[in-house]
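[1] coordinates only, sequence not included:
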DNA sequence: AGAAAACAATCAAACGGTTGCATGATTTGT
DNA sequence: ACAAATCATGCAACCGTTTGATTGTTTTCT
């Protein structure tokens, strides 16, 4: 009844040779004779031998596993990131262990701990919206586990990162609105921790400067991404005496909540109010009044680039020197619907 | 420079005792004296000792990892399932290794292989739409890896499964349409492999029987879930001489594609045509013309129940007898918007 | 006081594979 | 024909932890 999986030992016994010979034969080691090599490989195939990964991981002191920490899997954005990462990981014969922080710092801390205990070989992180420092990632250094931050990157020096610059696209987005005759553009910011290098705001301001349009501070509001907070901020904008004729929203979720509210107030989207945002959700194509345009951030590519960088670090780690901190910046792109 | 993680051996050396004593002391083994136990635990804490999971996994012949195979992470439905599974896994100190089949049989087969090689302790599967048999899961038997199917369950005997019955909800959904005066209800079926026990169709027919309404075969069409196929089928329905006044769609994605097409044909949703479907996507609340109702299938609960069942199998596996095949059926619920 | 019982700690094997070093056999060079 | 070089294989340690069997010491019982 009890099924037994064949081991290298049994192969050795059946052929009356030593385990080391079998091991080397299976690895095509040059010092093994052709005859034995063939014999071993033939028998191994017949017995359906498969190396015990658990043993190898143990012996090599590596888990061949990457840890991936991200806010959630629900957002299409992150599931695309995963595909990018998995493809690279798969090529390197690595597994990916996923942990969702659900945008909570304490959960993120727990996950880091789990990853450390699991002895993953490296970690990829997109930080939670509550995360401001990276102290809880420091513990990984002691275990020589390299970390690559992506997408939501903490604003501190001395890290490896991959992210997507929003500056140029934001300028483009705002100018797109200007050129459509909408010179009063509201801006709903996200949580401070997620404003990578403040690029959204920077682009927003620069677009105004370039076009000689004065910035109205009252048009800049903030949300923590919860529906309630977004509605409150949108309400602020929409009830201004000089109501903006367009809104730049932190992302498509914020855009949807804003549009929903605007409709309740009987504003015609596309006429009374135009909305542009970030993320470029596919689902928006099903909406009657979607954002007019959205900034695509190429999650798949961010994921794969981040994974590539991590593997580079892993390779270097085995050999010699510390790699200088690398920060890869991709360009985003405004997609007009 | 090279950081070293402390091991049980070093603790033993520092205290001049044997490794076995240390091991047992850390596990609170009764045959270790209180004094030594305290000493060991104190020193272990000071040195920040942490057991090497890799070694333990190897020694115990267990990976403390569950394999989870599902079509994709993009669908909100499946990300909820994951949460349900992760919560249970976490309670049992297990990790979850995720593989996406992307609804392709060949990918699914590869993933099963990966999981086997990785020697996961158990597997949870929601099959791809191309999957009809379960031959490729048979290899797991040889490794004593139990499998629990959930949600998309293959229609074969001799398996453990957790799924959500749609029969009653379908009857309710169709009757809901009838009671709204819509007696001509089209039905867009999904891929045959996903029609668990044909419950949607069964419910559809039963609702007609109960209400003495004749079934019009022309009103029953099929899609493979691709947008093109859905549109083709929807087109078939909407261009009938006797156009149905309502449609029961396989899921919310199909519903959205159908609604989009209907709008293009200038039909008023909610007036000329009512749509009900399955899945209950949260995003539909942002639509101007969402499905009128949707059947909620409780993904979180399905995930957690499936994981619980798997752990039950794992526990039993270590001890004695084979567990009789268990099939847990949950009830779905019609949610009217 | 002497045997039995309870306690505390150690020894050593085992898990499955990898790898540096040693050994024996065969071939090559002169 | 004999030393040297080359080739093929085996030995044994090792990775970190767990655990059954064993030894040695102390307490308890009669």
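    Sure thing, it's come through. Source: prediction; values computed, not measured.
[2] secondary structure class for the residue in the stretch 201-337 of chain A positioned nearest to chain B?
    Going by CB to the nearest CB, chain B is nearest to residue A:288 of the stretch 201-337 of chain A, at 4.3 Å. Quick note: C-beta positions are derived from backbone N, CA and C, even for glycine. With DSSP: H, G, I helix; E, B strand; the rest coil as the basis, the three-state label of residue A:288 is coil.
[3] how close does it sit to residue A:142?
    54 Å (CB to CB, to the nearest Å).
[4] can you check residue A:287 too?
    The value you get for residue A:287 to residue A:142, if CB to CB is used, is 49 Å.
[5] again, but for residue A:158
    Taken as CB to CB, the span from residue A:158 to residue A:142 is 16 Å.
[6] what does residue A:5 give?
    From residue A:5 to residue A:142 the distance is 35 Å (CB to CB).
[7] more neighbours, those two?
    More neighbours surround residue A:5 than the other of residue A:5 and residue A:142, with 15 against 12 (other CB atoms under 10 Å in any protein chain shown).
[8] phi first, then psi, for that one.
    With angles defined as degrees, to the nearest 10, residue A:5 sits at phi -90, psi 140.
[9] what distance do you get for the closest residue to it other than its chain neighbours to residue B:149?
    Excluding its sequence neighbours, the residue lying closest to residue A:5 (CB to CB, 6 or more residues apart in numbering or on different chains) is residue B:143, at 6.4 Å. Per CB to CB, residue B:143 is found 18 Å from residue B:149.
[10] who's more crowded, these two?
    residue B:149 (23 against 15).
[11] now for the more buried one: which residues touch it?
    Neighbouring residues of residue B:149 by CB atoms under 8 Å, 6 or more residues apart in numbering or on different chains: B:124, B:125, B:126, B:127, B:159, B:160, B:161, B:162, B:163.
[12] would you map the helices across the stretch 101-250 of chain A?
    Under the criterion DSSP state H, counting those that start in this stretch, the stretch 101-250 of chain A contains helices at A:105-117, A:135-142, A:167-179, A:199-210, A:227-238.
[13] figure out which of those is closest to DNA strand C.
    Smallest distance to DNA strand C across those (CB to the nearest atom of the strand): 19.0 Å, for helix A:105-117.
[14] enumerate the positions of the closest one that are buried.
    Judged by neighbour count (16 or more other CB atoms under 10 Å in any protein chain shown), helix A:105-117 contains these buried residues: A:105, A:107, A:108, A:109, A:111, A:112, A:114, A:115, A:116.
[15] for that helix, packing partners?
    The contact analysis (3 or more CB pairs under 8 Å, 6 or more residues apart in numbering or on different chains; DSSP states H and E) places helix A:105-117 against strand A:65-70, strand A:95-100, helix A:135-142.
[16] what about it, distance to the chain center?
    17 Å (CA atoms, centre = their mean, to the nearest Å).
[17] and stretch A:141-159, by the same measure?
    13 Å.
[18] what's the end-to-end length of it?
    Taking CA to CA, to the nearest Å, stretch A:141-159 runs 12 Å from one end to the other.
[19] got it, and stretch A:58-67?
    Stretch A:58-67 has an end-to-end distance of 18 Å (CA to CA).
[20] picking that back up, phi and psi next, for the residue nearest to the residue of the stretch 201-337 of chain A closest to chain B when sequence neighbours are not counted.
    Spatial nearest neighbour of residue A:288, chain neighbours left out: residue B:288 (4.3 Å); criterion: CB to CB, 6+ apart. Dihedral pair for residue B:288: phi -70, psi -40, per degrees, to the nearest 10.
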